[in-house]
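Undergrad: no FASTA, just this:
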């Protein structure tokens, strides 16, 4: 019996030692958690013949207008999942603004996952974002609609959707350089309809 106790204690010590080298565990233990799952900027591009079914979604924007996937039918478009207190979301806002202006024929859509209408509107106004954002905090319906494809499992997440309404590319986390998203948009726009 004593041997089993010592063996279990040894395993526990080794497990705890492993956790001590885990940055997320250290962050949690110190109480300095950022309060959200942040992606690492990983890029996923999906070949056209491997894409999931078209995404069907609906939600209300800051003005109360309903936005659905039908509003983007036949267009390549960009979807950015964000909220105002997210540091990486704030950092990438100027790049999203610039790209939404540069790619005038490619609609951009924000999906605010956490904020009230007032907070979201203040953020978009302050950052000069002119494209709409669905306020998804109360229902998470839009997040759920995209969850089956290439899930927006980090904040921010930016998706490029093809003309058929299928997710073609994803950046999980901060857009580190706007040229990355630009190249992803160019690739999907260049696809033959």
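TA: Now that the structure is in, tell me what you want to look at. Predicted model only: the values in this text are computed from it and were never measured.
Undergrad: Got the domain ranges for this protein?
TA: For the chain, the domain assignment from automatic domain parsing gives the residue ranges 1-33, 42-190.
Undergrad: In terms of mean pLDDT, which of the ones you listed ranks lowest?
TA: Mean pLDDT values for the domains of the chain show the minimum at domain 1-33, a mean of 38.
Undergrad: most neighbours per residue, which of the domains of the chain?
TA: domain 42-190 (a mean of 18; mean count of other Cβ atoms under 10 Å). (Each C-beta comes from the backbone N, C-alpha and C, glycine too.)
Undergrad: chain center to it: distance?
TA: Taking Cα atoms, centre = their mean, to the nearest Å, one finds the center of domain 42-190 at 7 Å from the center of the full chain.
Undergrad: How about stretch 185-193?
TA: When distances are taken as Cα atoms, centre = their mean, stretch 185-193 is centred 21 Å away from the chain's centroid.
Undergrad: Other residues contacting that stretch?
TA: 45, 48, 74, 76, 78, 99, 103, 106, 160-163, 168-169 (Cβ atoms under 8 Å, 6 or more residues apart in numbering).
Undergrad: Among these, which lie within strands?
TA: Among the contacts of stretch 185-193, the ones falling in strands (DSSP state E) are 45, 78, 160-161, 168-169.
Undergrad: Just flag the most distant two among the residues you listed.
TA: Across those, the longest distance by Cβ to Cβ is 14.0 Å; it joins 45 and 78.
Undergrad: if you go through this protein in chain order, where are the helices?
TA: Listed in chain order, the helices found in the chain under DSSP state H are 2-20, 23-30, 87-102, 117-126, 141-147, 178-190.
Undergrad: just checking, residue 159 touches residue 172?
TA: No. Taking contacts as Cβ atoms under 8 Å, residue 159 lies outside contact range of residue 172: 9.8 Å.
Undergrad: mind listing what the most centrally placed residue in the chain touches?
TA: Centroid-nearest residue in the chain: residue 157, 1.6 Å away (criterion: Cα atoms, centre = their mean). Neighbour list for residue 157: 39, 80-81, 170-173 [criterion: Cβ under 8 Å, 6+ apart].
Undergrad: Residue 175: what's its closest spatial neighbour, skipping adjacent residues?
TA: Spatially, and ignoring its direct neighbours in sequence, residue 175 is nearest to residue 92 (4.5 Å; Cβ to Cβ, 6 or more residues apart in numbering).
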